[in-house]
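Q: Build me a model from this:
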Amino acid sequence: GTSRKQIMVHNVAQNLVVNCFEVPTSAEEDFDYLPAVELFRDRLGESAKLPQYEELSVEDREGLVEILKITNGFPLAIEIVAANRVYAPGSLKDIAENLGVQQIRYRKELGESGGGAERHESMGACFQWSLELLTEDERKRFVTLGVFPYDFSLKAAELVCNVSEVDLIRWRQRSLIQQDAMNLGDRRFLLSLLKEYAWDECEVEVRTETESKGVEFFASMVDGFIRNDRLDINDNNVRSTLDAEWRTIISMHSSALLIGDYNSYLVLSNIDAFLGLRGLWSEREAIWAEMHITVQGLSQSARGSGEAGSFLQYEGVVLINLGNVYLDKGRWSDAENCYNYGLKIFRYLGDRHGEANALGNLGTIYSRQGKWLESTVFNEDSLRIMRLLRDQHGEGQCLMRLGIVLDQQGKWSEAIVFYKDSLRIMRLLRDQHGEAHVLGNLGHVFLHQMRWSDAMTCYEGSLEIFRALGDPHGESQTLSSIGNVYFNQCDFTKSI
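A: Take a look at the predicted model:
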């Protein structure tokens, strides 16, 4: 709405005219009646109250006339100057002298001049003019906020960009920083065009340094959420923090990965567990599919060098994670291809742990396809390696998978033995998510055995955990299972 250029819309071409206010031409005549002066006075409010014409000094009258002439009567320009007046030291005359039109550097969208002051010809010009009203130190710190692709917390702004809460309050009052009206926390954001402009204005060396600080900040955050080598998604603080930050973490660490920061693999692997909990399957697939392309290229480029093994191992890890996403989406063939390729890599590198994980995942695919013999063979091989490595969590997962295979064949007594062994390990390790899944599987067996009370006990225990974890998918499945218990007892009212 501030552009002097013709705006073209599909099937419509029209000039959108911004009505400019009449501005005073002389300080010698009363100008209080002019809309431009009224807008300037209203925008100042009580914090920097503008006296009436008769109470203004001659110098301030001249200063106000000069200010409004510079704005050309554009409402937005008048409001921006008034907003900055609250913090600008000196008289109105001083402000007028500092409002000289600066050189315009951000004019990518401009063709030819549309007339009028250059600062009104584009949003970029308007942004630059607003930034020029900040001190040089403020400007340098403000533009680093462009590092955040989405919104950001006060702590992130302080540690990554050296921006204080006072800065954010001041910039918000100047409309440079936004805060979601529905968000009662400390999160702020820049409008997308302003964010892009600010990041363009940031010097290359400062940009690189700020990006590194951002990657380090979020890596440290995720690392602080690790318990027993796994992301502690049982903790409410962890879940609420990652709900707000996961998009930024993915964006920053995916970029870091491209420049060789391989710790980002570990960060993204942990975020994948969180996305799985939240049921964000498409986002998970996008992460690992993009990472596979990246690491595959790096692996091929490093062939024959000392880094080749590391790249190849990362490729195997990425393939397993991508296979997990396909498995959850029911894309059996794609998942099997990923697991087989990952298995081949791990065996080539002698990575027994990676081999065990790939074998267990292949066992899961065959179980879901009704290939009981193949599933049992792969899961038993995985279990043998996990025990050899003394990986209790891996052992618990293998026992649960073997129980599922027996359960699906109707061998319920044998399945119960494996499920109870798995449950014991999950509780020993305080893996609540794993415990909830095993309880649900035990409830399924008891349901088939018509042991209604035992089934209900297991399902209610599972439901309590899923609700505590904030896992809507697990909660929904468990409620459905509880409904089946009531249905099988012909208690149709409770079943519904």
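
Q: Which residues are in contact with Ile78?
A: If a contact means Cβ atoms under 8 Å, 6 or more residues apart in numbering, then Ile78 has Phe21, Ala36, Leu39, Phe40, Arg43, Leu68, Thr71 as its contacts. No exception for glycine: its C-beta is placed from N, CA and C like everyone else's.

Q: Among those residues, which ones are in helices?
A: Cross-referencing the contacts of Ile78 against helices under DSSP state H gives Ala36, Leu39, Phe40, Arg43, Leu68, Thr71.

Q: dump the residue contacts of Cys398.
A: Shown in contact with Cys398 (Cβ under 8 Å, 6+ apart): Gly360, Asn379, Ser382, Leu383, Met386.

Q: who wins for neighbours among those residues?
A: Highest neighbour count within the contacts of Cys398, by other Cβ atoms under 10 Å: Asn379, with 28 neighbours.

Q: Model confidence for that residue, exactly?
A: Looking at Asn379, its pLDDT stands at 96.

Q: Output the ones in helices among the contacts of Ile78 in JSON lines; the columns should cover pLDDT, distance to Arg424 and neighbour count.
A: Below are the ones in helices among the contacts of Ile78 laid out as JSON lines (pLDDT from 0 to 100; distance: Cβ to Cβ, whole Å; neighbours: other Cβ atoms under 10 Å):
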{"residue": "Ala36", "pLDDT": "87", "distance to Arg424": "78", "neighbour count": "23"}
{"residue": "Leu39", "pLDDT": "87", "distance to Arg424": "73", "neighbour count": "18"}
{"residue": "Phe40", "pLDDT": "86", "distance to Arg424": "74", "neighbour count": "23"}
{"residue": "Arg43", "pLDDT": "81", "distance to Arg424": "68", "neighbour count": "18"}
{"residue": "Leu68", "pLDDT": "86", "distance to Arg424": "79", "neighbour count": "25"}
{"residue": "Thr71", "pLDDT": "77", "distance to Arg424": "74", "neighbour count": "25"}
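
Q: Distance to Ala455 for the residues you listed - can I get that in CSV?
A: Listed next are the ones in helices among the contacts of Ile78 as CSV, based on distance: Cβ to Cβ, whole Å:
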residue, distance to Ala455
Ala36, 76
Leu39, 71
Phe40, 73
Arg43, 67
Leu68, 78
Thr71, 74
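
Q: Quick check: of those, which lies closest to Glu55?
A: Taking Cβ to Cβ as the measure, Glu55 lies nearest Phe40 of the ones in helices among the contacts of Ile78, at 15.2 Å.

Q: so how far is stretch 342-355 off the chain centroid?
A: 32 Å (Cα atoms, centre = their mean, to the nearest Å).

Q: Next, the buried residues of that stretch.
A: With burial defined by 16 or more other Cβ atoms under 10 Å, the residues of stretch 342-355 counted as buried are Gly342, Leu343, Ile345, Phe346, Asp351, Gly354, Glu355.

Q: now the strands for the stretch 1-150 of the chain?
A: 7-9, 12-14 (DSSP state E, counting those that start in this stretch).

Q: The nearest residue to Asp60 once chain neighbours are set aside: how many residues sit nearby?
A: Setting aside the residues directly before and after it, Asp60 is nearest to Leu92 in space (Cβ to Cβ, 6 or more residues apart in numbering), at 4.6 Å. Leu92: 23 surrounding residues under other Cβ under 10 Å.

Q: Quick check: buried residues in the helix ranked longest in the chain?
A: Counting residues, the longest helix found in the chain (DSSP H) is helix 236-258. Across helix 236-258, burial judged by 16+ other Cβ under 10 Å covers 238-239, 241-242, 245-246, 248-250, 252-254, 256-257.

Q: Then stretch 359-371?
A: Residues of stretch 359-371 classed as buried by neighbour count (16+ other Cβ under 10 Å): Leu359, Gly360, Asn361, Leu362, Gly363, Thr364, Ile365, Tyr366, Ser367.

Q: And for the closest residue to the last one other than its chain neighbours, the neighbour number?
A: Distance criterion Cβ to Cβ, 6+ apart; nearest residue to Ser367, sequence neighbours excluded, is Ser375 at 4.0 Å. Look at Ser375: counted by other Cβ under 10 Å, it has 24 neighbours.

Q: these two touch, right, Ser375 and Gly363?
A: Yes. If you go by Cβ atoms under 8 Å, Ser375 and Gly363 touch, sitting 4.7 Å apart.

Q: which residues touch Gly394?
A: Contacts of Gly394 by Cβ under 8 Å, 6+ apart are His353, Ala356, Asn357, Gly360, Ser382, Met386.
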